[in-house]
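What would the 3D arrangement of this be:
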Amino acid sequence: MKIAILSVGDYKHITLISKYTQLFEDNDISYNIICTDRYNSGINREKVLSYSIPTNINKLKKIYYFLKFHNWAKKIIGNNYDFIVVWNENTALLFFDLLLKKYKKKYCVNIRDVDFLNQRLLNIIRSKVIKNSRFSTYCSTAKLDFPKNYNYVLMRSINLDILKSVPKKENIREKNKPIRIVYIGKVRFNDANEEIIKSFGNDKRYELWFIGSGSEELKKFESRYNNLHLVGSYEPEETANYLANADVINSYFGTKVLGYERMSSIRFSYAPYIHIPVIVGVNTNMENEGNKYGFAYGYGNCSIDEEADNFYEWYSKIDFDKFVSGCEKYCLDAKKTDERFVKLVEEIIKENDEK
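Okay, the predicted model is just below:
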């Protein structure tokens, strides 16, 4: 059996595919990762086939390059694979012709974001692709009624491939040391980032870290906030080191992103696994989920000027033994929900073995 993992995303931004690759390797399944390379990193990894796309280009040029990527990837895939893992909703849209003509019911779609929901005409195509998949996954426990009445498979955003090498915290940060609030991943949603910076910036109780491509957009704040630290694009293998130095994960999206209230980020799941809190937006699915297990702080219940004091009080009152118990319960429940996803993948592998 041979499987393709197909994504319009850069290799650096699709680390959660390890959920699949680990299963493939455990079952001795051959696979390729077919994706983009937007940072001219000259990806030279076994099994990875990447197509270079420039950054900082206008919308028309971006469409042009993604159409070229589409044609390049289609030639590679052809009829050469038994199954395709379609990574994210935009990949499903770009490759709808290949999927519906040659791979109907021989692919799955992994839904990552929901900020496409107002694209009504394009969603006619997305809906058809999802309905004709073998199964499709969604990363949030919030209901996503698209396509209407479609039964998604919940696949939690816990990247064990990265987290297994990160030491779990044994306590909260010492009171005489600044609390390191870390955003790690592709840095987007700069309205929300600006709110966080204004709330915690120039406060000696905190260090603010934004780590990942896109952080350069925040350089205009560096001269005004002495506790702001920006790190650009990094290799996936470096994630564990950055997480090891975090005291709090920042997973705040703000309120201006379509579907923000139902989103669930990879960053959110990093926090309970390594026993640290996570900052999320109030009245969101992440707040509801985090409060259920006791590891989330809801940002947005007070004014920007009051957030630093309120968070410090919340953080200082953490009962660490109780906190760890909640984190472990979340991780155990997440492992249980993934069992359905694992079973479906194993069924596909078994069917191909029996051919």
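
and residue 32, what helix or strand is that in?
Secondary structure from DSSP states H and E places residue 32 in strand 30-37.

Output the below-cut-off pLDDT ranges for the stretch 1-150 of the chain.
Scanning the stretch 1-150 of the chain for pLDDT under 70 picks out the ranges 40-44.

the strands in it, which residues?
Secondary structure of the stretch 1-150 of the chain (DSSP state E, counting those that start in this stretch): strands located at 2-10, 30-37, 48-52, 83-87, 107-111, 135-138.

and of these, who's closest to residue 348?
Closest approach to residue 348 among these (Cβ to Cβ): strand 83-87, 5.9 Å. C-betas here are computed from N, CA, C, even on glycine.

Paired strands for that closest one, with orientation please.
strand 2-10 (parallel), strand 107-111 (parallel) (DSSP bridges).

What helices and strands are in contact with the strand holding residue 32?
Contacts defined by 3 or more Cβ pairs under 8 Å, 6 or more residues apart in numbering; DSSP states H and E place strand 30-37 against strand 2-10, helix 18-26, strand 48-52, helix 59-77.

at 10 Å instead, please
strand 2-10, helix 18-26, strand 48-52, helix 59-77, strand 83-87 (3 or more Cβ pairs under 10 Å, 6 or more residues apart in numbering; DSSP states H and E).

outside of the fourth one, which residues touch it?
Contacts to helix 59-77, defined as Cβ atoms under 10 Å, 6 or more residues apart in numbering, come from residues 4, 6-8, 32, 34-38, 49-58, 84, 90-91, 94-95, 97-99, 102-103.

how close does the most centrally placed residue in the chain get to residue 159?
Nearest to the mean C-alpha position of the chain, by Cα atoms, centre = their mean, lies residue 266 at 3.9 Å. The gap separating residue 266 from residue 159 is 6 Å, by Cβ to Cβ, to the nearest Å.

Overlap of the contact sets of those two?
By Cβ under 10 Å, 6+ apart, the residues touching both residue 266 and residue 159 are 15-16, 239.

how about JSON lines for those residues, with distance to residue 72 and neighbour count added?
Output for those, formatted as JSON lines (distance: Cβ to Cβ, whole Å; neighbours: other Cβ atoms under 10 Å):
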{"residue": "15", "distance to residue 72": "23", "neighbour count": "16"}
{"residue": "16", "distance to residue 72": "24", "neighbour count": "21"}
{"residue": "239", "distance to residue 72": "28", "neighbour count": "24"}
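
Dump these to JSON lines, plus distance to residue 226.
Formatted as JSON lines, the shared contacts of residue 266 and residue 159 follow (distance: Cβ to Cβ, whole Å):
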{"residue": "15", "distance to residue 226": "32"}
{"residue": "16", "distance to residue 226": "34"}
{"residue": "239", "distance to residue 226": "26"}
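
Just give me the neighbour total for residue 301.
Residues near residue 301, counting by other Cβ atoms under 10 Å, number 12.

Let me know whether it touches residue 199 as I believe.
No: taking contacts as Cβ atoms under 10 Å, residue 301 lies outside contact range of residue 199: 11.9 Å.

what touches both of those two?
Residues touching both residue 301 and residue 199 (Cβ under 10 Å, 6+ apart) are 307, 310.

can I see the domain layout of this protein?
2-155, 162-331 (automatic domain parsing).

Those: which one's closest to residue 353?
domain 2-155 (8.9 Å).

picking up where we left off before, out of the helices and strands packed on strand 30-37, indicate the one that is most buried.
Greatest average neighbour count among the helices and strands packed on strand 30-37 goes to strand 83-87 (a mean of 25), per mean count of other Cβ atoms under 10 Å.

May I have that strand as PDB, with CA atoms only?
What follows is strand 83-87, C-alpha atoms only, in PDB (Å, rounded to 0.1, in the frame of the first residue of the first chain):
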ATOM      1  CA  PHE A  83      -5.200   6.500  -0.500                       C
ATOM      2  CA  ILE A  84      -4.700  10.300   0.000                       C
ATOM      3  CA  VAL A  85      -4.700  12.200   3.300                       C
ATOM      4  CA  VAL A  86      -5.900  15.700   2.300                       C
ATOM      5  CA  TRP A  87      -4.500  18.100   4.800                       C
END
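
I am finished for the moment; much appreciated.
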